[in-house]
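S.K.: Model the structure of this input:
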Amino acid sequence: MNQHKSLLSQAQNQSARLQGLWQLATSRSKSDEEKAKLMLTLARDTLEVDTALIGEVDGGHFVIRYLVDGLGLFRANGICPLEMLCSAATRSGESTFFYQMQESEQFCNVEAVHASGVQVYAGVPIWVGDELFGTLVFLRRHPMAEHEFSKDDKVFMELLASWFGLMLLRTRQTQALQTQALTDALTGLPNRRAAELRFAEEIARARRDNSGFAVAIADLDRFKLINDNFGHDVGDEVLRQSSQIMREALREGDWIARWGGEEFILFLHHSSGDDAFAAVERVRLAVKAASYVTRSGNIKVSSSFGIGEFHLGDADMSRTLSEADGCLYEAKRRGRDCVVASEGREGTTLWRAGVLQRALQEQRVLAAYQVMVDLRTGKPVADEALARLKLSDGSMIPAGEFIEAAEGVNLIHEVDRVIAYQSMSRCTAALEDGFDPNFAHFVNLSPQFLARKELVEQMLDFAVAMCPCNVEFKENKPIVFEITERQLLSDFESMRKDVQPLLDFGFRLALDDFGSGYSSFLYLAELPVSFLKIEGWMVRNMRSNIRVRHMVESMVSLSRRLGIITIAEHVEDSGTAEMLREMGVDWGQGYFFGKPEL
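M.R.: Predicted coordinates for the structure are as follows:
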């Protein structure tokens with residue numbers, strides 16, 4: 001009877017222990033790390049030992065991955081100070097037990113074992129298939145009352161080791177997937193996502209150390225020609241070799257990532273000014289000096305670099321990256337194969353150009369639409385597409401803050417193209433939804449855009465594709481292109497030729513900022529203008545300046561004789577709107593009627 005009770009008690013204890021193990025293993029509310037620590041604690045308490053640990057094989061050593069240490073001998077996530085504790089069980093590949101550890105052949109001469117006072121040892125190899133992942137180790141300082149672990153104890157340890165094997169496998173697989181997701185497959189470098197994640201760590205470090213840093217964006221010069229002339233496999237080989245050369249040329253502690261395409265980003269610790277320039281110049285020279293061995297022979301490559309400096313007051317990397325972008329653009333403009341450093345002033349044309357160039361690449365130049373109303377009826381009759389630049393943090397920059405930079409670095413035609421296409425797409429959607437086909441959509445076009453015949457032809461092709469077949473137009477199509485009177489042009493014949501294809505298609509022409517320059521009336525004489533937009537300064541000042549008011553009245557009178565619709569810009573209050581209506585101005589545009597909306 002006593003033997004039966006003893007067996008029943010053992011069975012019940014084993015059942016409770018296994019049930020606890022099962023509940024922990026299947027818990028959905030706990031992470032693997034939480035489960036591991038709780039399981040080790042359960043095992044330590046039910047096996048009546050002092051310390052339980054998982055030693056994982058890592059680079060030829062055993063690393064203590066999980067630990068419940070009642071003896072205070074170890075630390076988690078460190079190399080096991082007693083490799084023999086983990087390797088003792090792996091030599092034979094089977095579970096190993098010592099009940100008088102200090103007298104065992106393996107540990108009798110190990111001073112640390114004697115110093116710790118550990119007497120009892122259990123080591124269970126953690127196998128996953130045929131691969132050894134680690135060892136499950138239990139230690140006890142005092143001799144065991146039962147002299148050795150029971151059969152149930154050993155079964156329990158084997159079950160734990162099996163579960164820990166699956167957990168370690170899952171962890172490795174997850175880490176491998178994360179590494180793969182953050183690694184550029186071609187070069188083996190961290191990819192853009194990895195670099196962006198690391199930026200947050202570097203910013204925190206810089207603030208702790210009260211020290212700034214710099215980044216450089218590198219671009220392989222004329223890389224497209226390599227792909228076009230030799231094939232993409234040769235281009236890939238050049239990317240692989242150049243990335244390795246740049247990595248080796250960096251200073252110790254600095255790092256490089258592939259930013260996209262043939263662009264790389266270099267991170268320079270504790271660097272600014274001349275230090276950063278010298279470090280990047282060394283990389284440029286290394287790239288240029290190398291001979292790239294490919295199946296098509298040896299190829300020489302040069303590279304361009306733009307440097308941006310991080311300031312401790314910056315919230316994130318957006319300003320620094322924009323500076324580097326702008327400097328890279330300037331390096332290209334200067335003829336390539338050079339390094340351009342940032343001046344660190346957010347208001348510079350370089351900074352704005354860098355922001356704009358990146359925004360164009362990432363489709364963050366957007367159209368915001370401002371309504372125009374008929375001053376007689378108060379009804380909306382048109383809208384104007386105004387460029388907006390969306391920063392990486394979601395904030396918007398109005399056109400006035402980057403258009404000048406776009407003109408200065410020859411990107412204005414790209415802004416025009418993007419906004420025109422967005423406006424035409426919106427017009428098409430409105431027509432298909434049954435909106436009034438007489439509602440006009442105004443789009444700004446620069447002389448730089450109009451002078452590029454291929455862009456005009458592409459836009460007309462796009463317009464043909466967008467034009468709904470089920471909509472009939474009386475005479476003209478809804479799109480109106482604005483040219484500004486501020487841009488002084490002497491060759492009106494060329495301008496007429498540039499706009500003629502648009503007029504032939506049925507688009508109309510508006511003259512913007514009328515009254516702001518010297519060539520206003522020449523435009524009216526030489527170009528078939530359908531709309532005249534009165535300059536905003538005149539609209540704002542006509543109520544307080546009688547001479548300005550008379551000038552506006554003259555413009556309205558002249559436009560009426562020429563059959564041109566007048567539009568007053570910058571109408572900001574009801575009094576101005578009423579005065580314009582009384583003067584005979586046809587349409588109004590401004591905050592009084594509505595702000596630009598995306």
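S.K.: Show me where the stretch 51-200 of the chain has its strands.
M.R.: Assigned by DSSP state E, counting those that start in this stretch, the stretch 51-200 of the chain shows strands spanning 51-58, 61-69, 96-98, 120-128, 131-140.
S.K.: now the stretch 351-500 of the chain
M.R.: Under the criterion DSSP E, counting those that start in this stretch, the stretch 351-500 of the chain carries strands at the ranges 365-374, 380-390, 396-398, 440-444, 479-484.
S.K.: about what we covered before: closest to L189 out of the strands of the stretch 51-200 of the chain?
M.R.: strand 51-58 (23.4 Å; CB to CB). For glycine as for every other residue, the C-beta is placed from the backbone atoms N, C-alpha and C.
S.K.: Can you list the buried residues in that closest one?
M.R.: Residues of strand 51-58 classed as buried under the neighbour-count rule (16 or more other CB atoms under 10 Å) are T51, A52, L53, I54, G55, E56, V57.
S.K.: and if you look at stretch 91-103?
M.R.: S95, T96, F97, F98, Y99, M101, Q102.
S.K.: Next up, phi/psi of the fifth one, please.
M.R.: For Y99, the backbone dihedrals (degrees, to the nearest 10) come out as phi -110, psi -10.
S.K.: and F267, what pLDDT?
M.R.: Reading off the confidence values, F267 has pLDDT 95.
S.K.: picking that back up, same list (the strands of the stretch 351-500 of the chain) but as TSV, adding distance to F507 and mean pLDDT.
M.R.: Shown next, in TSV, are the strands of the stretch 351-500 of the chain (distance: least, CB to CB, whole Å; pLDDT from 0 to 100):
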stretch	distance to F507	mean pLDDT
strand 365-374	17	94
strand 380-390	14	93
strand 396-398	26	83
strand 440-444	9	93
strand 479-484	5	87
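S.K.: Could I get those strands in a markdown table, plus columns for distance to R282 and mean neighbour count?
M.R.: Compiled in a markdown table, those are given as follows (distance: least, CB to CB, whole Å; neighbours: other CB atoms under 10 Å):
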| stretch | distance to R282 | mean neighbour count |
| --- | --- | --- |
| strand 365-374 | 36 | 20 |
| strand 380-390 | 35 | 21 |
| strand 396-398 | 35 | 15 |
| strand 440-444 | 45 | 23 |
| strand 479-484 | 47 | 22 |
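S.K.: what's the closest of those to H311?
M.R.: Across the strands of the stretch 351-500 of the chain, H311 has its closest neighbour in strand 396-398 (19.6 Å, CB to CB).
S.K.: That closest one pairs with which strands?
M.R.: strand 380-390 (antiparallel) (DSSP bridges).
S.K.: so how far is the strand it pairs with from its chain's centroid?
M.R.: 27 Å (CA atoms, centre = their mean, to the nearest Å).
S.K.: what does stretch 319-327 give?
M.R.: In terms of CA atoms, centre = their mean, the centre of stretch 319-327 is set 14 Å apart from its chain centre.
S.K.: roughly how far apart are M495 and L503?
M.R.: 12 Å (CB to CB, to the nearest Å).
S.K.: and stretch 141-153, average pLDDT?
M.R.: Stretch 141-153 carries an average pLDDT of 84.
S.K.: can you dump the C-alpha coordinates of it into CSV?
M.R.: What follows is stretch 141-153, C-alpha atoms only, in CSV (Å, rounded to 0.1, in the frame of the first residue of the first chain):
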residue,chain,number,x,y,z
ARG,A,141,25.5,23.1,-4.5
HIS,A,142,24.4,20.5,-1.9
PRO,A,143,24.2,16.7,-2.4
MET,A,144,20.8,15.3,-3.4
ALA,A,145,18.7,13.6,-0.7
GLU,A,146,17.7,10.8,-3.2
HIS,A,147,21.3,10.6,-4.4
GLU,A,148,20.3,11.0,-8.1
PHE,A,149,17.7,12.3,-10.4
SER,A,150,14.7,10.0,-11.0
LYS,A,151,13.7,8.6,-14.3
ASP,A,152,10.8,11.1,-14.4
ASP,A,153,13.2,13.9,-13.7
